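Engineer: here you go, sequence then predicted model.
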2 protein chains.
Amino acid sequence: MTQIDFADQTLCPIARAENVAGDIWTVLVLRELFASNHRFDEIQVMTGATPQMIAGRLKKLEADGLVERRPYSKRPPRFDYHLTEKGEEFWPVLMALRKWGEKWCRLPGEQPSLTYTHTICGQPAGFGPLCDHCGKLLRPDELTREFSPAAVAEREARRTATKASRARKKRA
Amino acid sequence: MTQIDFADQTLCPIARAENVAGDIWTVLVLRELFASNHRFDEIQVMTGATPQMIAGRLKKLEADGLVERRPYSKRPPRFDYHLTEKGEEFWPVLMALRKWGEKWCRLPGEQPSLTYTHTICGQPAGFGPLCDHCGKLLRPDELTREFSPAAVAEREARRTATKASRARKKRA
């Protein structure tokens, strides 16, 4: 079912948005692009999906106009992935998921995986949509981010595990 | 993969939230519950999913603590479905999806499918998170909703189509 077919079936904007980005792997690809992670390999490693899954999601996101492929090397020809304006504007959905996930899915003893500082007031921003400190609406270009030590370790472990798995495959 | 298994695999609150509600049918079930649509049959009709799909989503939402089943009739025993606090707090995710969908998926000539009035200031609220008129953060209990005529017609058509299909099955 294509996006337009679905838009023909319902006027509901929630259903239409979900038809574009209503699966966990699509959302995790978007998360990585928002984290300035633009290369296929690195996106795959950080989401933990298979290359086939990531290729499919990126292709659909490109077809739906949220992502564009840009060449970053001519010889050999290589591309990376960037959010379009339509993609950038999906950010509040991810922020709302983050807030809910930090409140309702965090395990005892865990710290939030990411801390935003609001560059407008220089203070911790909290989980939004308004800044915990100054009360202004948070915007993605007015935030700096810092992963918790545990989140940094998780991301490093994904990188290491992928390298090890690729080395095993090479030897086999 | 259960929610806890997944929470063990990643600290990311977005991934964890998506593991709970990262599929279109789950989100549409939540949409109906937010629209005060509490009965299984009516939820099924309005989402357009099969009874099996809705039963599965409601069961998972109940297991994950977003939805609770309440008896509304003793003889015969009948239950309907209500959001818990954990479910109610998913509302900003749906609002963010709505805003994105209305901006990026609306077809030429269409009106927004739903209009909110902000009871605090008595004016149209817009798409949030702040009220278009008074600038306050929108809260679900401070909004009244009105479907557009086209959205009312769509919902009525779903009801009629389901009745016709059930009548056909009864005759067959």
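Structural biologist: Received it, and whenever you're ready, just let me know what you need.

Engineer: any low-confidence regions in chain A?
Structural biologist: A:1-8 (pLDDT under 70).

Engineer: how does chain A divide up, domain by domain?
Structural biologist: If you go by automatic domain parsing, the domain ranges for chain A are A:1-89, A:93-172.

Engineer: deepest in the core, which of these is it.
Structural biologist: Of all the domains of chain A, domain A:1-89 has the most neighbours on average by mean count of other Cβ atoms under 10 Å in any protein chain shown, namely a mean of 17. Where C-beta positions appear, they are placed from N, C-alpha and C, glycine not excepted.

Engineer: about what we covered before: now the domains of chain A in CSV, with distance to chain B?
Structural biologist: Formatted as CSV, those follow (distance: least, Cβ to the nearest Cβ, whole Å):
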stretch, distance to chain B
domain A:1-89, 3
domain A:93-172, 3
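
Engineer: check which helix or strand covers the residue lying closest to A:Cys121 once chain neighbours are set aside.
Structural biologist: Excluding its sequence neighbours, the residue lying closest to A:Cys121 (Cβ to Cβ, 6 or more residues apart in numbering or on different chains) is A:Cys134, at 3.9 Å. Per DSSP states H and E: A:Cys134 is located in neither a helix nor a strand.

Engineer: what's near enough to touch A:Cys134?
Structural biologist: Counting by Cβ atoms under 8 Å, 6 or more residues apart in numbering or on different chains, A:Cys134 touches A:118, A:120-121, A:123.

Engineer: could you redo the last one with a cut-off of 10 Å?
Structural biologist: Counting by Cβ atoms under 10 Å, 6 or more residues apart in numbering or on different chains, A:Cys134 touches A:118, A:120-123, A:125.

Engineer: which two of those residues have the greatest separation?
Structural biologist: A:Gly122 and A:Ala125 (10.2 Å; Cβ to Cβ).

Engineer: who touches both of those two?
Structural biologist: Contacts common to A:Gly122 and A:Ala125, judged by Cβ under 10 Å, 6+ apart, are A:133-134, A:144.

Engineer: and these, which is closest to B:Gly65?
Structural biologist: Nearest to B:Gly65 among those, counting by Cβ to Cβ, is A:His133 at 31.0 Å.

Engineer: isn't the closest one right up against A:Ala125?
Structural biologist: Yes: between A:His133 and A:Ala125 a contact is recorded at 7.3 Å, counting by Cβ atoms under 10 Å.

Engineer: between the two, what contacts are shared?
Structural biologist: If you check A:His133 and A:Ala125 against Cβ under 10 Å, 6+ apart, the residues they both contact are A:117-118.

Engineer: longest single helix anywhere in chain A?
Structural biologist: helix A:149-171 (DSSP state H).

Engineer: for it, name the packing helices and strands.
Structural biologist: helix A:40-47, strand A:143-147 (3 or more Cβ pairs under 10 Å, 6 or more residues apart in numbering or on different chains; DSSP states H and E).

Engineer: got TSV for the ones you listed, with distance to A:Pro129 too?
Structural biologist: Formatted as TSV, the helices and strands packed on helix A:149-171 follow (distance: least, Cβ to Cβ, whole Å):
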stretch	distance to A:Pro129
helix A:40-47	25
strand A:143-147	12
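
Engineer: so what's the spatially most central residue of chain A up against?
Structural biologist: Residue closest to the mean C-alpha point of chain A, counted by Cα atoms, centre = their mean, is A:Arg31 at 0.6 Å. Listed by Cβ under 10 Å, 6+ apart, the contact partners of A:Arg31 are A:37, A:43, A:46-47, A:94, A:97-98, B:12, B:14-15, B:18.

Engineer: 6 Å instead, please
Structural biologist: Going by Cβ atoms under 6 Å, 6 or more residues apart in numbering or on different chains, A:Arg31 touches B:Ile14.

Engineer: tell me which helix or strand it sits in.
Structural biologist: helix A:24-34.

Engineer: now that helix and strand A:143-147, what's the angle there?
Structural biologist: 110 degrees (axes from the mean of the first three to the mean of the last three Cα atoms, to 10 degrees).
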